[in-house]
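Participant: here are the coordinates; sequence isn't available:
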């Protein structure tokens, strides 16, 4: 644990600070099946954290709970000290949490730029929306973000014309347009080629320090590229937490992944 | 170079379907002199306002309301109540206040004649007009609040709105002492602005309705081009996803339904000015479904398409049903027309227009890539920034 704290002080020079996200004894079950079962972990401001675990470990459900898609049966989620457990998704989004879904979810009929405009909701209230949407400030921010995710040349294309990888980047861009303090990325590299994965890692690394990022990921090369601290989940609980080196040596983790050659081959 | 750009802009403005539509609805009175047809054409425009209301609600916000007759009817009744009180009959009942004739008939002998409290504020025509816009909007907001915050979606919204129109229709018929039941409100005064009376068969009334229709078209177009309009499209595409960007989608839908209801209320006002009556038949299931058909045939995600659809279907319906040779088969012909549109133009008549437009523009697009043109202003911006 001591090592973790030092790693974090390196990452976020602003600390010591209260954790940005605090998950306390979180439970949820579907038809009696305990999917998340007493999960506890904390995220510090500015951190890039990866959540790993076998299929069914409860990673995506944890994301669902944080973002308000699923309601917890027990436990607390604190964001900036504020209790956001079981709030409505739009309230959680307004509090400063943005999410990229596992299945890329963009608006296929809208153009890339329009998708970004939807996401760019500095003020998502209805009153603010009833006015022409193309303000110069917004346009600058959108073009900035589109160049960050490498889609600047495609801004006028309908989103349905994008490749799988480009769709993933668009959704990352959209989440960033929300300018959330906490970014949840659910398998951002799923289905990507090696080059695309590398580019995604670059995008995430360029955000370091601006956003706190929680990533669910399987690809260990990618995990190595982007983060220091990993939280391993197993059967709805936290199994281990530490640097990638520690996790690879961790006996519990090795036992769980027995037969698959350890976490590196997960 | 600049003048060339302006010419292109001017050409685009003149040839835009919106300009063409507005010009087209202002022209007919120059040729049509028969008052009967002037009145009838303006009725078509009233229905096109109603179609715009449905297009906004269904085509843009994705709410398929089968009860828009309620909003139309509420608007019509509010306006008709005022015009009823201002009619010569009501003013000459021998009471110190105006009194509709049916209230006199409904009052048992020996009882004092009095104006029901609901009617009192309607003595002012402008109150009636404002109420005709606000009552439908507030009613829609109330229904929407229950429906959308109750997470009702899809076909259930249609069922709820359909039952809403049935219920309100029954209430209107049942409340005979207040509404004159089945017979509705007729024998109304003409709409009067500063002493000028709008004769339903006169050109001024046609222009009043045509201008209201044009303004509604421009207003709805403006609304669909705001960010809210974009959010409506996004909600249609993937409602759940929009929530995670922080939008309260129920609020957006309530807003869409209310604005749509207000426009339907405006159509009700125009209907009363045009037809001089309001009765339960304009607030029933048949009309509510008819609106959906006009909009489906015209093209629900095109405002112009919806407006044209309403005019076209009503015109065809009138022409077919009134020609002697077709008197027995006109419904069949109309049905075949609907089938053909649904089968071959699922996006309605409006897709004809975009098909025509698309084929030539494809070639120009390839010649000058869109991205190249669009990235120019962005480059300019980034050049400007360091200087600041």
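Facilitator: Now that the structure is in, tell me what you want to look at. Bear in mind the structure is a predicted one, so any value in this text is a computation, not a measurement. Numbering: from 1, shown residues only, chains lettered A, B, ... in the order given.
Participant: C-alpha only now, for contacts and for neighbours.
Facilitator: Will do.
Participant: doesn't residue A:233 belong to a strand?
Facilitator: Yes - assigned with DSSP: H, G, I helix; E, B strand; the rest coil, residue A:233 falls within a strand.
Participant: for chain A, what spans make up the strands?
Facilitator: Listed in chain order, the strands found in chain A under DSSP state E are A:21-30, A:33-43, A:48-53, A:74-79, A:82-83, A:97-100, A:182-186, A:212-216, A:229-234, A:237-243.
Participant: isn't residue B:183 right up against residue B:281?
Facilitator: No - counting by Cα atoms under 8 Å, residue B:183 sits too far from residue B:281 to count as a contact (9.4 Å).
Participant: picking that back up, out of the strands of chain A, deepest packed?
Facilitator: Highest mean neighbour count of the strands of chain A: strand A:97-100, a mean of 28 (counted as mean count of other Cα atoms under 10 Å in any protein chain shown).
Participant: which helices and strands sit right next to it?
Facilitator: helix A:59-67, helix A:164-177, strand A:182-186 (3 or more Cα pairs under 8 Å, 6 or more residues apart in numbering or on different chains; DSSP states H and E).
Participant: wait, which of the strands of chain A is closest to residue B:94?
Facilitator: strand A:82-83 (68.5 Å; Cα to Cα).
Participant: circling back to that earlier point, okay if I get the strands of chain A as a markdown table plus distance to residue B:219 and mean pLDDT?
Facilitator: Compiled in a markdown table, the strands of chain A are given as follows (distance: least, Cα to Cα, whole Å; pLDDT from 0 to 100):
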| stretch | distance to residue B:219 | mean pLDDT |
| --- | --- | --- |
| strand A:21-30 | 45 | 90 |
| strand A:33-43 | 48 | 89 |
| strand A:48-53 | 47 | 89 |
| strand A:74-79 | 42 | 91 |
| strand A:82-83 | 42 | 90 |
| strand A:97-100 | 34 | 91 |
| strand A:182-186 | 38 | 92 |
| strand A:212-216 | 43 | 92 |
| strand A:229-234 | 53 | 89 |
| strand A:237-243 | 55 | 88 |
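Participant: ok, which of these comes nearest residue B:34?
Facilitator: Taking those one by one with Cα to Cα, strand A:97-100 is closest: 62.8 Å.
Participant: contact partners for the nearest residue to residue B:68 once chain neighbours are set aside?
Facilitator: Leaving aside its chain neighbours, residue B:68 sits nearest to residue B:288 (5.3 Å; criterion: Cα to Cα, 6 or more residues apart in numbering or on different chains). Residue B:288 makes contact with B:66, B:67, B:68, B:69, B:70 under the criterion Cα atoms under 8 Å, 6 or more residues apart in numbering or on different chains.
Participant: please state the offset of the helix or strand harbouring residue B:288 from the chain centre?
Facilitator: Residue B:288 is located in helix B:285-298, with elements delineated by DSSP states H and E. Relative to the centre of its chain, helix B:285-298 is centred 11 Å away, using Cα atoms, centre = their mean, to the nearest Å.
Participant: before we move on, the earlier item: just put the helices and strands packed on strand A:97-100 in a markdown table and tack on distance to chain B.
Facilitator: Output for these, formatted as a markdown table (distance: least, Cα to the nearest Cα, whole Å):
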| stretch | distance to chain B |
| --- | --- |
| helix A:59-67 | 8 |
| helix A:164-177 | 8 |
| strand A:182-186 | 11 |
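Participant: poorly predicted segments of the stretch 101-250 of chain A, please.
Facilitator: Applying pLDDT under 70 to the stretch 101-250 of chain A picks out residues A:122, A:132-134.
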